[in-house]
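> model the following, please.
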Amino acid sequence: MTISDSFLKVSIIMATYNRAGYIAETIESIRRQTYSNWELIIIDDGSDDNTEEIVNRIADNRIQFYKAARTGIASKVKNMGLQKASGELIAFMDSDDLWAPAKLEKQLAALHQYPEAGFSLTGGYNFRNINEPLEYFYKQREGIKYGDVFIGLFKSEVSATMPALVAKKECVEATGGFKEGFSHCDLDFILSLAGSFKAVILYEPLFYRRLHDTNTSSINWMERQYRGFSMIRSYKNELPPKVFNDSLFKAYISFGENCLKRKKRVKAMNQFFNAWIYKPFNIIPLKKIIKTILSVFKK
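The predicted structure follows:
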């Protein structure tokens, strides 16, 4: 399949659980898309709030709502959505985030411009209050990059967030969907695409990720980090040694910083030491260990 001037359908998969406070706003950001040939497939993972009632109030025949039994396994829920998708293109949306109105239109135009690409990613930013950007995903906020991004994902040159993704359905099917039960299923899904297909990246911030205390990434954060290390190690044979070591170095530094934020100083120092193992001539871990020790004596 190539992206042509034909009016292709985009199947948007949304897994949700107890997002009654956000989901209506998220759906409206989809309904405001300048590209209108889409279907929204919402798979509710057993919510016990009024998420279903809120969705049913929205009069739009492009929206499909399915209530599932509670699994707590995001990968399984997303695979349910993929099975129901009828579009030639697949997109994903978290039920608490937002899209810029032209997101889909611009990504489809990029895929038309680069027909060999199997998928597209966009820039974006984190926010707590609407229209108040916090961290941007990329320093540059305009322009396009086309090519192989597999190594770039491990080098932190490419931001891998599911709501920033639009992929050709045939490419998604070729990579086999989500690995069920895998805590880093989103990143692994994008890595699988990148390992087989080229990508086109739009640096423009077209996806806005909401930060709040009940974000999935804020829950079980320590377990998720450990599984992240396992995922990186699973790609050891596919990566140049320097990229592999650098990737684990950055992951341990990040883990240590997250521990510090939660005042887990001993665990933070352990992670900085682990980072040093992968880059023994780098002084950053030593500086962070010293800073952590000094923080004990601060009031």
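> what residues of the helix or strand harbouring residue 289 count as buried?
Applying DSSP states H and E as the criterion places residue 289 in helix 284-296. Under the neighbour-count criterion of 16 or more other C-beta atoms under 10 Å, helix 284-296 has 285, 288-289, 292 buried. (Each C-beta comes from the backbone N, C-alpha and C, glycine too.)
> could those be laid out in CSV, adding distance to residue 55?
Output for those, formatted as CSV (distance: C-beta to C-beta, whole Å):
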residue, distance to residue 55
285, 47
288, 45
289, 49
292, 46
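> thinking again about what came up before, and the helix holding residue 289, what does it pack against?
Under the contact definition 3 or more C-beta pairs under 8 Å, 6 or more residues apart in numbering; DSSP states H and E, helix 284-296 sits against helix 241-261, helix 265-278.
> dump those helices to JSON lines, plus mean neighbour count.
Shown next, in JSON lines, are these (neighbours: other C-beta atoms under 10 Å):
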{"stretch": "helix 241-261", "mean neighbour count": "18"}
{"stretch": "helix 265-278", "mean neighbour count": "18"}
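> can you put those helices in CSV and add distance to residue 79 and mean pLDDT?
Compiled in CSV, the helices and strands packed on helix 284-296 are given as follows (distance: least, C-beta to C-beta, whole Å; pLDDT from 0 to 100):
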stretch, distance to residue 79, mean pLDDT
helix 241-261, 26, 93
helix 265-278, 33, 94
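> among these, which comes closest to residue 189?
helix 241-261 (17.7 Å; C-beta to C-beta).
> before we move on, the earlier item: residues making contact with the helix holding residue 289?
Contact with helix 284-296 is made by 253, 256-257, 260, 265, 268-269, 272-273, 275-276, 279, as judged by C-beta atoms under 8 Å, 6 or more residues apart in numbering.
> residue 118: which element?
Counting by DSSP H and E, the element that carries residue 118 is strand 117-127.
> any idea of the mean pLDDT in that strand?
Taken as a whole, strand 117-127 has an average pLDDT of 97.
> may I ask which helix or strand of the chain has the lowest mean pLDDT?
helix 221-234 (a mean of 83; mean pLDDT, DSSP states H and E).
> got the buried residues for it?
Using 16+ other C-beta under 10 Å as the test for burial, helix 221-234 gives 225, 228-229, 231-232.
> quick revisit: could you spell out the sheet neighbours of the next helix or strand after the strand holding residue 118, each with its direction?
Using DSSP H and E, the helix or strand that follows strand 117-127 in sequence is strand 133-136. Sheet pairing of strand 133-136 (DSSP bridges) gives strand 117-127 (antiparallel).
> off-centre distance for the strand it pairs with?
The chain centre lies 9 Å from the centre of strand 117-127; the measure is C-alpha atoms, centre = their mean, to the nearest Å.
> the protein - how does it break down into domains?
For the chain, the structural domains run 10-216, 220-296, going by automatic domain parsing.
> lowest average pLDDT across these?
The weakest mean pLDDT among those belongs to domain 220-296, with a mean of 90.
> what segments of the stretch 51-200 of the chain are helices?
Assignment of helices within the stretch 51-200 of the chain using DSSP state H, counting those that start in this stretch yields the ranges 51-56, 74-84, 103-113, 150-154, 169-175, 185-196.
> nearest to residue 13, out of those?
Evaluated over the helices of the stretch 51-200 of the chain, closeness to residue 13 peaks at helix 74-84, with 3.6 Å, by C-beta to C-beta.
> give the buried residues for the closest one.
Residues of helix 74-84 classed as buried: 74-82 (neighbour count, 16+ other C-beta under 10 Å).
> same list (these) but as a markdown table, adding distance to residue 53.
Converted to a markdown table, these look like this (distance: C-beta to C-beta, whole Å):
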| residue | distance to residue 53 |
| --- | --- |
| 74 | 23 |
| 75 | 27 |
| 76 | 24 |
| 77 | 20 |
| 78 | 23 |
| 79 | 26 |
| 80 | 21 |
| 81 | 20 |
| 82 | 26 |
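> and which of those is nearest residue 167?
Lowest distance from residue 167 to the buried residues of helix 74-84 (C-beta to C-beta) belongs to residue 82, with 10.6 Å.
> the closest one against residue 172, yeah?
Yes - shown here, residue 82 and residue 172 form a contact pair, counting by C-beta atoms under 8 Å, at 6.8 Å.
> okay, and the common contacts of those two?
By C-beta under 8 Å, 6+ apart, the residues touching both residue 82 and residue 172 are residue 90.
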